[in-house]
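**Q** One predicted model, sequence on top.
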Amino acid sequence: MKTQEQIINEAKEAYESHFEDGKEVTDEAFRGHDVVLDKEELEKEIETKKVEEEKKHESLEVLREKLVVEAEDSLKQTFGEEKVAEPHKKLNTEEMYEELNKEKEHLSEMTNALKEQQLSKKKH
């Protein structure tokens, strides 16, 4: 295991070898490493990148469409065909009153039937 002093010394050496204290970076340091740009090569490279990206986009679009179809099929298998609710009939006040009375009659008949059922159970 390295001691703290060894680690510090290695860090100093690495710093000095990479940054060389006191030297400033100038254009002269890079004169031998000039970058030459060729317009035609850059245009070719850009065109090939463009074609590659268009192919990627097309394949992703095909994949998206396939996923949509599979999702729709899965939804139909899970929930069946979509059922559309019938629109509600709008009633005027007279029709509402008539419906209310019919519902009251139905409920009173149900309660009477339940009462009779309970009475018949008590007798037996």
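**A** Thanks, I have it.
**Q** Helices along the chain, start to end?
**A** For the chain, the helices defined by DSSP state H occupy 4-19, 39-79, 93-123.
**Q** Could you list the low-pLDDT ranges of this structure?
**A** Residue ranges of the chain with pLDDT under 70: 20-36, 82-85, 124.
**Q** picking up where we left off before, make JSON lines out of the helices of the chain and add mean neighbour count and distance to Glu86.
**A** In this view, the C-beta of every residue, glycine as well, is placed from N, C-alpha and C. Listed next are the helices of the chain as JSON lines, based on neighbours: other CB atoms under 10 Å; distance: least, CB to CB, whole Å:
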{"stretch": "helix 4-19", "mean neighbour count": "10", "distance to Glu86": "78"}
{"stretch": "helix 39-79", "mean neighbour count": "10", "distance to Glu86": "19"}
{"stretch": "helix 93-123", "mean neighbour count": "10", "distance to Glu86": "16"}
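**Q** how about the ones you listed in CSV, adding distance to Pro87?
**A** Below are the helices of the chain laid out as CSV (distance: least, CB to CB, whole Å):
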stretch, distance to Pro87
helix 4-19, 78
helix 39-79, 22
helix 93-123, 16
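**Q** All set, thanks.
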